[in-house]
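1. kindly generate the corresponding structure for this input.
(chains A, B and C, ligands or ions: 4)
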Amino acid sequence: MYSEKVMDHFNNPRNVGEIENPSGVGTVGNAKCGDIMRMYLDIDDNGIIQDVKFKTFGCGAAVATSSMATELVKGKTVQQALEVTNKAVMEALDGLPPVKVHCSLLAEEAIHAALWDYAEKNHITIEGLEKPVNDISEKEEGEEEEY
Amino acid sequence: MSKLIYLDNAATTQVYPEVLQEMLPYFSEVYSNPSAIYSFASESKKAVDKARTSVAELINAKTDEIYFTGGGSESDNWALKATADAYASKGKHIITSTIEHHAILHTCAYLEKKGFEITYVNVDENGKVKLDELEAAIRPDTILISIMTANNEIGTIQPVREIGRIAHEHGVLFHTDAVQAFGHIPIDVDEMNIDMLSASGHKINGPKGIGVMYIRKGVKILSFIHGGAQERKRRAGTLNVPGIVGIGKAAEIAKNTMAERSAKEISLRDHLIDRILTEIPYVRLNGDRHDRLPNNVNVCFRYIEGESMLILLDQAGVCASSGSACTSGSLDPSHVLLAIGLPHEIAHGSLRLTLSEKNTVEEIDFVVDELKKIIERLRSMSPLYEDFVKKQNK
Amino acid sequence: MSKLIYLDNAATTQVYPEVLQEMLPYFSEVYSNPSAIYSFASESKKAVDKARTSVAELINAKTDEIYFTGGGSESDNWALKATADAYASKGKHIITSTIEHHAILHTCAYLEKKGFEITYVNVDENGKVKLDELEAAIRPDTILISIMTANNEIGTIQPVREIGRIAHEHGVLFHTDAVQAFGHIPIDVDEMNIDMLSASGHKINGPKGIGVMYIRKGVKILSFIHGGAQERKRRAGTLNVPGIVGIGKAAEIAKNTMAERSAKEISLRDHLIDRILTEIPYVRLNGDRHDRLPNNVNVCFRYIEGESMLILLDQAGVCASSGSACTSGSLDPSHVLLAIGLPHEIAHGSLRLTLSEKNTVEEIDFVVDELKKIIERLRSMSPLYEDFVKKQNK
Ligand SMILES: Cc1ncc(COP(=O)(O)O)c(C=O)c1O
Ligand SMILES: Cc1ncc(COP(=O)(O)O)c(C=O)c1O
Ligand code: FES
Ligand code: FES
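-> Ligands and ions are numbered 1, 2, ... in the order given. Coordinates of the predicted model:
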């Protein structure tokens, strides 16, 4: 069902864990499917993401996308991190099954939530960052076909 | 342990080699259509008759009350839609439960669109249908009660005998989806007042794509699949002779081995349940502890999600299933787990292990040992577990 | 000749040993449910995908336009009932022909009871649907035209391409019951404007109890069997993996051998027809001489009755069928023979011989020789023949 890359990131997730006193932390959940993802960021004074950790309660795809997302943002600037979309994460994982696309949104939103927290703590605004929604299922498109 | 440990027998089972053996001649040798007139047809007809008898004997039915279908889902659809059709003039109210299989529930949703009214009776925390609610739901226009014999997810065996009694006291037809129970626990359609019953070959080590519908004599249900005059004009389509022979043989074996087999399964099952409940923290057994299918174990591990568990179990060579939303393809966890009152996040961590008498204690022990590692690993990366631990430490 | 001569391939066929071989691993070894998440399931899933591709290629469909069912009858019921359901708001008129299989006709009768209106287009004396009548029958509220690709009794191949064109020119969906044609003659769902198509495994040396439904992308047909999310939520029920593998392999073989096989069958068929027509008096060929299934022979012998013929043929080791009332169980001779204009007493003497490429010229010759004796014998005891002879001698 999953690509080799997904399985690799699921079996050997990168950057699992917590960061003490993080620059920003965000927790997002998909109330529909009940999955929860938490992202910790350690951002230096130059706005570079020095470290990132995650914890995820969710399926194989959720774990793998969190893991991949942490790899993609690590060492990047805050602005670059904003550009890590769910599409980018999915591409980096060689794709996800259609029913699992929504899991990748969780990773994107978790980063945004952590960045929002960082911005609030530091009283700055990050260009292009919108206030994260707690329940990302509201943002999903893709109607289910009914038979 | 590199051999596959198959613990998903509620999903489907291995065709027993002796069942396959019995089927084999009917593919390429005795391939005749049993409806034909020549003597070559009488060989396959005889095989069909024999199978029908074996199936009838397993549930104490008469041979000509057994109809062969294309599977359990077809039987369920037939029972509901064609009863609705036939008895619509009497009434348009049907009673079922909240924990039925989708073959029942989605058919009910379809009937609702067609103007029927469905009452979904609730179950208690062990998954047993509330009999008082059931009885209170019966109305003058109720034409059918459909309650499953045993649940496919949590294994709870329903008080079918009492349901049948209630139905018949009120002059209402009683259908039971026995797909999980058929061949696994004793069923007597007469004693239990069952008017219609669905069963499926591949849940009892018979072939896939063959089902059974029991229809009590006198029940005026219509056809669901119209066409040729097969099955006493009630179910059209060239008879699937090898499939019928297969479900017949599987039914015969199931009858002969039931006592011994379920004793063995129950001992494996209880060993598995006991070890999980004592050795893994924050776990809950779903379904009734005693009125339970001999081969069913269903537990929820808190703070973790089912699909991830399944993938890691798979890597350890264990086949299992989960009612997690992530495995359902529908973003909702199992309706059965919700119906017994579990919140979403707990239903998420469900694991179903359904064994067979061919499993061994060694296999079960291996699974529990693996499971302990898997649960620990997944909890270590769970934000919910992190929150829980932090709260504890406060 | 003591070997069985099987000439009833329109009723059902032998599962080719190579088809069975391909199916075998999926009963007791790779018995997994393809919907499961573990890797054991992916083996059966792969086999299902492969079979779906083979079926799709046989009719030039896309893989995800192929759905597996429990047989040709289920496919026919699905096509008609679920289209009726889905498009009822657009209209309640359906067009079919007088010579369809009962899986279509009895389903239409059911739909008539549900308030749909059915027009039964007539056929000419060769069993071809009258295209002008068909086109004239189309109304603004017509939602579906269902015409079979080839007839199961008289073998007439319909002008499917023209029917598809007419249907689409009027914006009407076109379903074809291709149970007899699938794998026997070329079908291209795109070129022929086919929106839905029914097929069945056991008519092409595949297994019984497995069918195919082709549904063109965009056709909004509902489910017929509700339940689990199998077959992209359109057909519930645990997949019959061995059956699917079997029909897939049979479709693959059918595609690869079609040209050669039908050439061989046509030569046997024409030899059989020619000998019967020239050597037996008072006989008539039913169905179109040229637009005819490669393996179908259908003749009426005057003054005799079909069942008696079949019994005597059986005693000679020949399996055949008849459209006689006496074999129909319904006191009426075949509706197809009546529809091509035969009076009852002639339809009574019908004989259908449907061969396979495994038959030999020797077998065919043996059958004709036996037939001559049988006809003579039955005529010698027929009062109708006596009357006829007396009238002749006047
Ligand atoms: C034209 C036609 N349609 C439908 C069917 C029904 O197919 P099945 O018997 O596989 O259900 C048959 C065969 O009996 C047939 O010949
Ligand atoms: C309780 C119950 N009902 C119905 C079904 C459907 O049976 P089948 O998949 O054979 O159509 C199943 C199995 O999936 C089941 O467990
Ligand atoms: S997290 Fe639930 S489906 Fe991926
Ligand atoms: S004479 Fe006996 S059925 Fe026709």
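2. which residues touch A:Q79?
-> By CB atoms under 8 Å, 6 or more residues apart in numbering or on different chains, the contact set of A:Q79 is A:G47, A:I126, A:E127, A:G128. Where you see a C-beta, it was placed from the backbone N, CA and C, and this is true even at glycine.
3. wait, a helix at it?
-> Yes. Counting by DSSP: H, G, I helix; E, B strand; the rest coil, one finds A:Q79 located in a helix.
4. just give me how far stretch A:51-62 sits from the chain centre.
-> 8 Å (CA atoms, centre = their mean, to the nearest Å).
5. and what of stretch B:287-305?
-> Worked out by CA atoms, centre = their mean, stretch B:287-305 lies 15 Å from the chain centre.
6. which parts of that stretch are buried?
-> By neighbour count on 16 or more other CB atoms under 10 Å in any protein chain shown, the buried set for stretch B:287-305 is B:287-288, B:291-305.
7. those residues: which ones sit near chain A?
-> Among these, the residues within reach of chain A (CB under 8 Å from any CB of the partner chain) are B:Y303, B:I304, B:E305.
8. any idea how far A:G58 is from the first one?
-> The span separating B:Y303 from A:G58 equals 12 Å under the rule CB to CB, to the nearest Å.
9. how about the last one?
-> Plainly put, B:E305 is 5 Å away from A:G58 if you go by CB to CB.
10. shared neighbours of these two, which are they?
-> Common neighbours of B:E305 and A:G58, counting by CB under 8 Å, 6+ apart, are A:D35, B:C326.
11. quick one, what contacts B:S42?
-> So B:S42 contacts B:P34 (CB under 8 Å, 6+ apart).
12. show me the contact partners of the lowest-mean-pLDDT helix or strand in chain A.
-> Sorting the helices and strands of chain A by mean pLDDT, DSSP states H and E puts strand A:24-30 at the bottom, at a mean of 90. With contacts defined as CB under 8 Å, 6+ apart, strand A:24-30 is touched by A:19, A:35-41, A:43, A:102, A:105-106, A:109-119, A:121, A:132-137, B:331, B:383.
13. so what does whichever residue of chain A sits closest to chain B look like in phi/psi?
-> Chain A approaches chain B most closely through A:C59 (3.5 Å), counting by CB to the nearest CB. Here is the backbone geometry of A:C59 (degrees, to the nearest 10): phi -80, psi -180.
14. correct me, but it touches B:E307?
-> Yes. With contacts counted by CB atoms under 8 Å, A:C59 reaches B:E307, the gap being 3.9 Å.
15. out of the two, which sits in the more crowded spot?
-> Taking neighbours as other CB atoms under 10 Å in any protein chain shown, A:C59 and B:E307 compare with A:C59 leading, 30 against 26.
16. for the record, mean pLDDT for stretch B:175-186?
-> For stretch B:175-186, the mean per-residue pLDDT is 98.
17. okay, A:K131: pLDDT?
-> pLDDT at A:K131 comes out at 83.
18. okay, now the closest residue to it other than its chain neighbours: neighbour count?
-> Leaving out its chain neighbours, the residue that sits closest to A:K131 by CB to CB, 6 or more residues apart in numbering or on different chains is A:W116, at 6.3 Å. Residues near A:W116, counting by other CB under 10 Å, number 18.
19. residues in contact with the residue of chain A closest to chain B?
-> With the criterion set at CB under 8 Å, 6+ apart, A:C59 makes contact with A:D35, A:K100, A:C103, B:E305, B:E307, B:S308, B:S324, B:C326, B:T327.
20. the fifth one is in contact with B:S328, isn't it?
-> No. With contact taken as CB under 8 Å, B:E307 and B:S328 are classed as non-touching, separated by 9.5 Å.
21. which member of the ones next to chain A among the buried residues of stretch B:287-305 is positioned nearest ligand 1?
-> Nearest to ligand 1, judged by CB to the nearest ligand atom, of these is B:E305 at 42.9 Å.
22. right, and that closest one touches A:M37 too?
-> No. Applying CB under 8 Å as the test, B:E305 and A:M37 come out as separate, 11.2 Å apart.
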